[in-house]
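Visitor: generate a structure from the sequence data that follows.
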Amino acid sequence: MIVSLIVSGALVYKFFLLNGFSFSLAEVTELRLSRGRDSSLQQGSTFAGIIGMAFSGFFVLAYIFCVYFQKYLSKSKARQLFIVFIIGIFVSFLSGGRFVAAIALLIAYLSNYAYKLRFGIKKKSKLSSKLLYILLGFVVIYVFSIIFIDRTGHSSGDSHELMLVLDNNLPGLAVPDFIRSYFSNNPEFAQYYFVLASTVYYACHGVFQFDVLYSADYPEQAPYFFAYQFYLQGILVNKLGLNVVSIQEILASIPNPGVYFTLAGAFYLDFGAIGSLPVIFIVAIFGAYFWSRFLIVGDFFSFYISLLFLTLIVFSPIVAITSAGVYPSLIILIFCLKLFIPKGRLAFYQEGIHFER
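Guide: This next block holds a predicted model:
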């Protein structure tokens, strides 16, 4: 929990003080756009960036810990961990990103579902808890909706301009004439349609882009052997003196750089059309093993790995999230779990947590 607060505080300091931004959605959106336009900007290029990338997922780990050990945590400790989780999602908005909150909320849902499935918890959640999650969901949807609109530069809600953005900025999408005509007479609904259309396109365009990628010539430097999917971890490795192909080199050799190609597209780039098949099979066996082990043994490590695997599968039609949001950090934290979760039977007391074999 303490590490999560320290990392969150460091991110707040970075975005508010170093970048000189006050908290407004317009400035958060502009920060997101300026980072996207800066081709020289590389995440993890500084020591602070490396630390932030490696430990930014601690607030998600805090929530997973809270769910798995809920029988042993006092109400106050469970509440503190949940507050840390909320703070982490709030801080994620400062970068204008979407995947941090999306991954965190999905893992929150999956962790509760998996825990109840494994340990036979049949009691229904309290109404207050359900309302809190619903409220949090609405807040996330509202903030992302504002960000979607602000990024167009037409926050006034001009229906004609919003339809032009959909036509010109989203390859493969065209607004039908009757929709355009309807919103010219009912402009107050144009923003809702724009957000809905952008969200659907965002979730589905990976399949379209994968077709573009597969139809194009295979890059000369490929296969990249996970350098594409784990390019953020590649930055860390290169900092240690190794020579892994950079994401800039990869993007320069593929069509439509910067878009999502689905998880299948990522495996295609990393291992080719034939080589990706056995690799996908191995990854599936790996994830299925830990999911089965969790259902049988119920240990925390299998619980954690299963959540990462299920999250990877859910996002697979959209993007390979191995380098998106907090997922790279959650992968790195696998090697730190033993520092926080000792082996053996757990016994908890009111004055603190005591572990015994």
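Visitor: residue 222: how many residues sit nearby?
Guide: 18 (other Cβ atoms under 10 Å). To be clear about C-beta, it is placed using only N, CA and C from the backbone, and glycine gets the same treatment.
Visitor: OK, contacts around the residue found closest to residue 231 once you drop the neighbours it is linked to in the chain?
Guide: Of all residues not flanking residue 231 in the chain, residue 247 sits nearest, at 3.9 Å (Cβ to Cβ, 6 or more residues apart in numbering). Residue 247 makes contact with 42, 227, 228, 231, 234, according to Cβ atoms under 8 Å, 6 or more residues apart in numbering.
Visitor: put the buried members of those residues into a ChimeraX selection.
Guide: Filtering the contacts of residue 247 down to the buried ones (16 or more other Cβ atoms under 10 Å) takes a single ChimeraX command:
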select :227,228,231,234
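Visitor: confidence-wise, which of the contacts of residue 247 comes last?
Guide: On pLDDT alone, residue 42 ranks lowest of these, at 49.
Visitor: picking up where we left off before, next step: the contacts of residue 247 restricted to strands.
Guide: Using DSSP state E, no member of the contacts of residue 247 sits in strands.
Visitor: nearest to residue 288, of the contacts of residue 247?
Guide: residue 228 (24.0 Å; Cβ to Cβ).
Visitor: ok, that closest one touching residue 250?
Guide: Yes: if you go by Cβ atoms under 8 Å, residue 228 and residue 250 touch, sitting 5.4 Å apart.
Visitor: and for those two, which residues touch both?
Guide: residue 269.
Visitor: so where's the chain uncertain?
Guide: Where the chain drops to pLDDT under 70, the residues are 1-53, 93-97, 122-125, 147-148, 150-158, 171-172, 340-357.
Visitor: where along this structure do the strands fall?
Guide: Using DSSP E, strands in the chain cover 346-349, 352-355.
Visitor: which helix of the protein spans the most residues?
Guide: helix 262-296 (DSSP state H).
Visitor: how's the protein carved up into domains?
Guide: Domain segmentation of the chain under automatic domain parsing yields 2-151+217-254+260-344, 155-203.
Visitor: now, of those domains, which is deepest in the fold?
Guide: domain 2-151+217-254+260-344 (a mean of 17; mean count of other Cβ atoms under 10 Å).
Visitor: now residue 317, nearest residue through space, not along the chain?
Guide: residue 262 (5.8 Å).
Visitor: just to check, the one you found is in contact with residue 212?
Guide: No: between residue 262 and residue 212 there is no contact under Cβ under 8 Å: 11.5 Å.
Visitor: for burial, what's the neighbour tally of residue 257?
Guide: Around residue 257 there are 12 residues (other Cβ under 10 Å).
Visitor: residues touching it, list them.
Guide: Residue 257 touches residue 251, counting by Cβ under 8 Å, 6+ apart.
Visitor: again, only this time at 10 Å
Guide: By Cβ atoms under 10 Å, 6 or more residues apart in numbering, the contact set of residue 257 is 39, 247, 248, 250, 251.
Visitor: show me the two of those that sit farthest apart.
Guide: Counting by Cβ to Cβ, the most remote pair of the contacts of residue 257 is 39 and 250, 13.5 Å apart.
Visitor: dump stretch 89-107 to CSV, restricted to CA.
Guide: Extracted C-alpha coordinates of stretch 89-107, given in CSV (Å, rounded to 0.1, in the frame of the first residue of the first chain):
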residue,chain,number,x,y,z
ILE,A,89,-7.3,5.0,-11.2
PHE,A,90,-7.6,8.7,-10.5
VAL,A,91,-3.9,9.2,-11.1
SER,A,92,-4.1,7.3,-14.4
PHE,A,93,-6.4,10.0,-15.8
LEU,A,94,-3.5,12.5,-15.5
SER,A,95,-1.8,10.9,-18.5
GLY,A,96,-5.0,11.0,-20.5
GLY,A,97,-4.7,7.2,-21.0
ARG,A,98,-7.5,4.7,-21.1
PHE,A,99,-5.8,1.3,-20.6
VAL,A,100,-4.7,1.8,-17.1
ALA,A,101,-8.3,2.3,-15.8
ALA,A,102,-9.7,-0.3,-18.2
ILE,A,103,-7.2,-3.0,-17.1
ALA,A,104,-7.6,-2.1,-13.4
LEU,A,105,-11.4,-2.3,-13.5
LEU,A,106,-11.3,-5.5,-15.5
ILE,A,107,-8.9,-7.2,-13.1
